[in-house]
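Student: please work out how this folds:
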Amino acid sequence: MAEGEVVAGVGAGSGALPAGAAQSKGVGVARGGALHAFLQQLRRDPYALVGVGIYLVFILVGLGAGWLAPYDPMEILFTEDGNLAASLPPGAGHWLGTTNLGRDIFSQLVMGTQPSLVVGLSAAVAVATIGTLVGLLAGYFGGWVDQVLMRLTDIILGLPFLPFVIVVTALLGPELRNIVAAVALLLWPNAARVIRAQVLTLSQRQFVEAARVTGASEWRILFVHIAPGVLPFSALYGAFAVGWAILVQASVSFLGFGGGDVISWGTMLQDAYASQALDRGQYAWFLPAGLCIVLVVLAGFLVSRGYEELLFPRLRDE
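Tutor: Reported below is the predicted structural model:
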């Protein structure tokens with residue numbers, strides 16, 4: 001790979017960076033001012049503001065799920081006359097009705113927010129951390145370190161996404177941490193390659209030479225002087241990873257690899273499909289869960305779009 005080359009690994013629809021963007025003079029986030037600049041960007045970009053608002057709503061719902069859910073999502077309910085409260089339509093007692101096993105759908109929807117957000121946020125942190133470390137090491141040290149790490153990223157980028165996650169969860173067990181690990185293993189190369197390109201540029205700046213002249217160690221230069229300059233890119237790819245991770249978790253759960261003891265939006269869709277809820281007209285069973293997945297993924301796109309325009313102001317004119 002030529003020095004300074006940027007390869008955007010996720011496609012345009014999922015937040016790929018434009019070619020050459022990492023070296024662009026339009027990178028508009030100074031070190032240490034990323035948060036303040038992003039807040040200012042929110043005031044100018046209504047789409048990013050909507051995305052942040054959606055995230056806040058779901059985070060609040062997830063934090064207060066124990067109080068908002070009227071029933072235990074796994075509890076089998078009965079009517080006042082002792083019959084199983086199966087497939088009840090939406091009403092005052094059950095806002096979204098009940099499943100074919102007599103479980104409250106609204107409670108499942110609310111409690112399903114927690115595992116979805118845990119997977120999304122955990123994967124975002126893992127992707128940003130691994131991608132940043134690999135990009136820093138490869139871009140700064142170069143040589144065989146760069147060759148080994150970049151060939152590793154090429155191999156991982158060639159792996160099929162969803163089949164790999166399914167295989168990992170099938171082998172290690174259908175647990176949330178295994179889903180997070182699989183998603184993180186496949187998404188970090190995109191961040192690593194862009195951060196590497198940025199490090200190649202920053203390592204030639206005068207402030208790095210000045211630090212080296214004053215006797216700073218290579219590790220201090222890397223993590224104290226260079227790393228803050230690439231953290232905005234880490235945050236950008238972390239934002240991409242949130243939506244991807246939640247979507248993958250829902251897909252894996254829908255296919256039956258999400259763990260039967262964890263209620264999530266994906267398991268709700270899987271239960272509704274297996275119970276033929278669509279054929280019986282139980283739209284309140286699967287539509288709300290599907291809508292929640294769409295909204296969270298859309299929020300991730302809107303936030304990352306606003307942050308991308310903050311990093312590359314020239315995109316606003318395109």
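
Student: would you map the strands across the stretch 201-318 of the chain?
Tutor: In the stretch 201-318 of the chain, no strands are defined using DSSP state E, counting those that start in this stretch.

Student: pLDDT weak spots in it?
Tutor: Scanning the stretch 201-318 of the chain for pLDDT under 70 picks out the ranges 259-260, 312-318.

Student: how about the helices in it?
Tutor: Counting by DSSP state H, counting those that start in this stretch, one finds helices in the stretch 201-318 of the chain at the ranges 206-213, 218-220, 227-254, 265-274, 283-311.

Student: and among the ones you listed, the most buried is which?
Tutor: Of all the helices of the stretch 201-318 of the chain, helix 227-254 has the most neighbours on average by mean count of other CB atoms under 10 Å, namely a mean of 24. The C-beta positions use only the backbone N, C-alpha and C, and glycine is treated the same way.

Student: picking that back up, got a markdown table for the helices of the stretch 201-318 of the chain, with distance to residue 53 too?
Tutor: Below are the helices of the stretch 201-318 of the chain laid out as a markdown table (distance: least, CB to CB, whole Å):
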| stretch | distance to residue 53 |
| --- | --- |
| helix 206-213 | 38 |
| helix 218-220 | 40 |
| helix 227-254 | 15 |
| helix 265-274 | 19 |
| helix 283-311 | 8 |
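
Student: give me the element the closest residue to residue 59 other than its chain neighbours is part of.
Tutor: Ranked by CB to CB, 6 or more residues apart in numbering and with sequence neighbours excluded, the top spatial neighbour of residue 59 is residue 117, at 6.6 Å. Element membership of residue 117 [criterion: DSSP states H and E] is helix 113-141.

Student: contacts for the helix or strand following that helix next, please.
Tutor: Note on helix 113-141: by DSSP H and E, the next helix or strand toward the C-terminus is helix 143-157. With CB atoms under 8 Å, 6 or more residues apart in numbering as the test, helix 143-157 has contacts from 1, 9, 134, 137-139, 185-186, 188-190, 192-193, 196.

Student: taking helix 113-141 as reference, get the angle to helix 143-157.
Tutor: 150 degrees (axes from the mean of the first three to the mean of the last three CA atoms, to 10 degrees).

Student: buried residues in the helix or strand following helix 143-157?
Tutor: Using DSSP H and E, the helix or strand that follows helix 143-157 in sequence is helix 161-172. Going by neighbour count (16 or more other CB atoms under 10 Å), the buried part of helix 161-172 is 165, 166, 168, 169.

Student: which residues touch the residue most central in space within the chain?
Tutor: The chain has residue 242 as the residue nearest its centroid, 1.2 Å off, counting by CA atoms, centre = their mean. By CB under 8 Å, 6+ apart, residue 242 lies in contact with 120, 121, 123, 124, 296, 300.

Student: mind running it again at 6 Å?
Tutor: 120, 124, 300 (CB atoms under 6 Å, 6 or more residues apart in numbering).

Student: separation between it and residue 66?
Tutor: 23 Å (CB to CB, to the nearest Å).

Student: again, but for residue 82
Tutor: 28 Å.

Student: neighbour count for these two, which is higher?
Tutor: Comparing residue 82 with residue 66 by other CB atoms under 10 Å, the one with more neighbours is residue 66, at 9 against 6.

Student: most remote residue from the chain's center?
Tutor: Of all residues in the chain (CA atoms, centre = their mean), residue 81 lies farthest out, 45.8 Å.

Student: for it, helix, strand, or coil?
Tutor: coil (DSSP: H, G, I helix; E, B strand; the rest coil).

Student: same question, residue 91
Tutor: Classified using three-state DSSP, residue 91 is coil.

Student: how about it: what's its closest non-neighbour residue?
Tutor: Residue 91 sits nearest to residue 97 (CB to CB, 6+ apart), 7.3 Å away.

Student: quick one, phi/psi of that neighbour?
Tutor: phi 80, psi -170 (degrees, to the nearest 10).

Student: repeat for residue 203
Tutor: Dihedral angles (degrees, to the nearest 10) for residue 203: phi -70, psi -10.

Student: report the separation between it and residue 139.
Tutor: From residue 203 to residue 139 the distance is 7 Å (CB to CB).

Student: pick out whichever of the two has more residues nearby.
Tutor: residue 139 (28 against 20).

Student: go ahead and confirm the more buried one touches residue 199.
Tutor: Yes: Residue 139 lies in contact with residue 199 (CB atoms under 6 Å); the separation is 2.9 Å.

Student: gap between the residue nearest to the centre of the chain and residue 174?
Tutor: 21 Å.

Student: what's residue 249 in contact with, if anything?
Tutor: 119, 179.

Student: and with 7 Å instead?
Tutor: Counting by CB atoms under 7 Å, 6 or more residues apart in numbering, residue 249 touches 116, 119, 179, 258, 264, 266.
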